[in-house]
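Student: compute the structure for the input listed below.
(2 chains)
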Amino acid sequence: MTGVGERLQGKRICIVAGSGGVGKTTASAALALGLASGGQRVAVVTIDPARRLADALGLEELGNAPRQVSRALLESHGVQLHDGGELWAMMLDPKATFDDLVTRLAPDDTTRDEVLGNRIYAQLSGAIAGSQEFTAVAKLYELDRDGDFDAIVLDTPPSRNALDFLDAPDRISDFFDSKALKLFAVPTSIATRVMSRGTSVVFAILKRLTGVDLLDDVSVLFRSLGGLIDGFRERAAAVKALLSDPATTFLIVTSPEREPVAEAIFFRGKLRDARMPFGGLIVNRATMLDAGEHTDPAAVAAQLGDQLGAALAAKVAAGVAELQLLAARDAESIERLKAELDEPEPIVVPRLDGEIQDIEGLMALYRRLAAQ
Amino acid sequence: MIGDGRGAITSLLSRRLLVVTGKGGVGKTTVAAALGLVAARAGKRTIVAEVARRGDVASAFDREGAAPFAETEIAPGLFHISIDPQDALEEYLRDQLPSGPVAEILIRSRVFGLIAAATPGMRELLTVGKLWELAQLDRRTPGAAAYDLVVVDAPATGHGVALLSAPRTFAAAAGAGPVARQGTIIDTTLADPEQTAVVAVARAEELAVTETGALREALHASMGLELEWVVANALDSDRFSPPEAKRLQPHAAHPAVARALRGHQRALRQRAQLARLRKLTDQAPARLSLHPGGPDIERLADELEPQLDVDR
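Tutor: Just a heads-up that it's a prediction; the model follows:
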């Protein structure tokens, strides 16, 4: 069986994907910690407001730039970092990252101020054509380009639609390439003159529908964004290239429940279509039977009847029946995932008794991920 | 109406809109479907509306392949729709611009499509606009019958709040004009506790409970709304009383007893999280048990029904 260590060999970027609530953030942190303990300089980028993760890592809070987790703290929790090993963590702030991008890509200060100060941008930003997903990969690109880390682990946004994430660069460049944006990129008075008749009809109707104020604000925003076309297009192309880079890999995390399994299968298909690298599947929180737990519940009740009394023995037996049902359901999910994802050896993590709250827990999870 | 919970709960099904949200992965979709079924059983013509999904409710009822943006009956008195912003936009334009070709010009216009897709917050506004339309007694959709109740299978916490506050934000941004006017009308419905109730789904886990507390605050800050009902989903069986657990201890060498004791510990941890949930939301959460074979909507509805007091 291949543990996660081998799967990530030679990879600079590991993108952890999967549906919400399956333990992506914890798995990402565990991976980053494990890689750091192996002697790599690692950054983990999360999108979840993972207060608990920050606490566990001894950071006051996770900001929009990576912060280093203290070596002494890790050692006090029994984690020795090999030579050169460092663990850094950050929480992505999509709005701040987008603002940064605008600042960096704006051709001049006036354009920058126009965009950042625009009423529509200020009130409703964060929603520009999948900007959360785009800022996540854009940040990844920057961290990678700056070259401060041997490995970066990205915990992806809790998006329902995997496409939003994979398509983000394309959608951003489509947006910046769009006829609409170019129309707005020239002053309105000229625009109305150069517009085709159909387009001016569209604008006239739009004005009637939305009211003048909104349309004007949108036009001003689009016009100022027009100055960023080249910068954003280049950046989107670079980010897209990074997603398909041989040093990038996607790990899919799922639980054995129906919806996350469906999401994992869907995401794997999208990766295949987009020719993006799939590094493996982690099935988290699986109920697994230990040796000696396959006994028929009725037999268990009979075995324990004398010692516990019939009523209590029956309760224990009911627990066994439920456990066996859960284990059967999960085994079925895992078989389905193996077949549908074309992944003969998924990494299966049994459902733990408690939630992972600290560095010891993260390290224990890493060992499970690595040991298989 | 928090604290005494009771009054709020009995009137839950008499609202126009029930918005079901919560942390990702807690089971919003199944709880929304089960609530819809409870309402339908109580004789209410009910529709469960999924937002930005791929027909999960329909598949929860083993009804895959139904046309998503159509109101489809999936059980007696229970309907389903999956709301796509593009479909909602086209419907809205056809309604607003009844003079035929004008709406078609807009719908077919690539420029307009791009503007609509790129305008921040537009997707949310269109989605919530359709939800509002479904909840109207006098439907805008030609030939459509009215529903007694719309159950919204909303996106996870943060996105759920953004969805509810979209009309308000848009109305403020638009200043004057039809969009501002309609945004205000929709917002009035959403912010009215007589018409709209938010139901939070959680699990008895640290993060999900914390996020429910954050949801309550965000909802209050952005909409002035309270969480009307909190549902703790997928609870492990809490089988053993403390004396029983004590009697099990000496027999822990038996694998079944060892597992039972571990299960008991888990149940105790979940009880502690339920207490936190109660404290953070100021109300006793409804409880739904874990279904080992996968969630079963009929059984979930059976469990919810007595906790809802539908008769009053």
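Student: and the longest helix along chain B, anywhere near chain A?
Tutor: The longest helix of chain B (DSSP state H) is helix B:255-281. Yes. Helix B:255-281 is in contact with chain A by C-beta under 8 Å from any C-beta of the partner chain, via B:255-257, B:259-260, B:262-263, B:265-266, B:269. In this view, the C-beta of every residue, glycine as well, is placed from N, C-alpha and C.
Student: rounded mean pLDDT for that helix, please.
Tutor: The average pLDDT for helix B:255-281 rounds to 95.
Student: likewise for stretch B:229-238?
Tutor: 94.
Student: put the alpha carbons of it into PDB.
Tutor: This file holds the C-alpha atoms of stretch B:229-238, laid out as PDB (Å, rounded to 0.1, in the frame of the first residue of the first chain):
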ATOM      1  CA  TRP B 229     -35.100  26.100  15.400                       C
ATOM      2  CA  VAL B 230     -31.900  24.100  15.900                       C
ATOM      3  CA  VAL B 231     -31.700  20.500  14.800                       C
ATOM      4  CA  ALA B 232     -28.800  18.300  16.100                       C
ATOM      5  CA  ASN B 233     -28.400  15.700  13.400                       C
ATOM      6  CA  ALA B 234     -26.800  12.200  13.200                       C
ATOM      7  CA  LEU B 235     -26.500  11.600  16.900                       C
ATOM      8  CA  ASP B 236     -25.000   8.300  18.000                       C
ATOM      9  CA  SER B 237     -27.200   6.100  20.100                       C
ATOM     10  CA  ASP B 238     -27.000   7.000  23.800                       C
END
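Student: other residues contacting it?
Tutor: A:318-319, A:322, B:5, B:8-9, B:12, B:26-27, B:30-31, B:197, B:199-204, B:212, B:263, B:266-267, B:270-271, B:274, B:277, B:281, B:283, B:285-291, B:295, B:304 (C-beta atoms under 8 Å, 6 or more residues apart in numbering or on different chains).
Student: coming back round to it: now the longest helix of chain B: buried residues?
Tutor: Across helix B:255-281, burial judged by 16 or more other C-beta atoms under 10 Å in any protein chain shown covers B:255-261, B:263-264, B:266-267, B:269-270, B:273-274, B:276-278, B:280-281.
Student: would you tell me what the next helix or strand after that helix is?
Tutor: strand B:286-289 (DSSP states H and E).
Student: any residue of that next one touching chain A?
Tutor: No. Figure legend: strand B:286-289 not in contact with chain A (C-beta under 8 Å from any C-beta); closest approach 10.0 Å.
Student: can you list contacts of the next helix-or-strand element following that strand?
Tutor: Per DSSP H and E, the first helix or strand lying C-terminal to strand B:286-289 is helix B:297-308. Here helix B:297-308 makes contact (C-beta under 8 Å, 6+ apart) with B:9-10, B:12-13, B:30-31, B:33-35, B:37-38, B:41, B:60-61, B:231, B:286-289, B:291.
Student: helix B:297-308 - what's its average pLDDT?
Tutor: Per-residue scores along helix B:297-308 average to 94.
Student: now swap in stretch B:97-107 and tell me
Tutor: pLDDT averaged over stretch B:97-107 gives 75.
Student: check the offset of it from the chain's centre.
Tutor: Between the centre of stretch B:97-107 and the centre of its host chain there is 33 Å, according to C-alpha atoms, centre = their mean, to the nearest Å.
Student: please see if that stretch touches chain A.
Tutor: Yes. Interface with chain A: stretch B:97-107 contributes B:97, B:102, B:105-106 (C-beta under 8 Å from any C-beta).
Student: low pLDDT regions in the stretch 101-250 of chain B?
Tutor: B:110-111, B:114-121 (pLDDT under 70).
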